[in-house]
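Colleague: based on what follows, work out the 3D shape:
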Amino acid sequence: MEAIIDVKPLDNYVLWVQFADNFNATVSIRPFITSGISTKLLDIEYFNQVKIDEFGGIAWENGFDFCPNFLRELINEAN
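Modeller: Here you go, the predicted structure:
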């Protein structure tokens, strides 16, 4: 598992992420904002508060998160 070491929110619910091995890419989070706690991310100001969590994944204060392995697989599948 390669931890995420940097994350930046972009337009349209897209994040730029950099992994510990220096691989970086963009990933759209929009398909995962569907119901429950994820809907809070529709508030773009809240979405932009994304942080790296203690496990090397990304998270928001409400507990919605993604592990780095899942994001890396998602990025690899899209390319």
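Colleague: in the one helix or strand in the chain whose mean pLDDT sits lowest, what counts as buried?
Modeller: Using mean pLDDT, DSSP states H and E, the weakest-scoring helix or strand in the chain turns out to be helix 68-78, at a mean of 93. Within helix 68-78, the residues that qualify as buried by neighbour count (16 or more other CB atoms under 10 Å) are 68, 71, 72, 74, 75. The C-beta positions use only the backbone N, C-alpha and C, and glycine is treated the same way.
Colleague: what does stretch 39-52 give?
Modeller: By 16+ other CB under 10 Å, the buried positions in stretch 39-52 come out as 41, 47, 50, 52.
Colleague: contacting residues around the second one?
Modeller: In this structure, residue 47 makes contact with 9, 13, 29, 41, 60, judged by CB atoms under 8 Å, 6 or more residues apart in numbering.
Colleague: how about the first one, nearest residue that isn't a chain neighbour?
Modeller: Closest residue to residue 9 apart from its sequence neighbours, by CB to CB, 6 or more residues apart in numbering: residue 48 at 4.4 Å.
Colleague: wait, the one you found sits on residue 10?
Modeller: No: taking CB atoms under 8 Å as the definition, residue 48 is not a contact partner of residue 10, at 9.5 Å.
Colleague: end to end, how far does stretch 7-17 reach?
Modeller: Looking at stretch 7-17, the gap from its leading to its trailing residue is 5 Å under the measure CA to CA, to the nearest Å.
Colleague: now the residue nearest the centre of the chain: phi and psi?
Modeller: Residue closest to the mean C-alpha point of the chain, counted by CA atoms, centre = their mean, is residue 58 at 5.1 Å. Residue 58 has phi and psi values of phi -120, psi 150 when expressed as degrees, to the nearest 10.
Colleague: can you pull the contacts of it?
Modeller: Listed by CB under 8 Å, 6+ apart, the contact partners of residue 58 are 4, 7, 15, 17, 50, 51, 52, 65, 66, 71.
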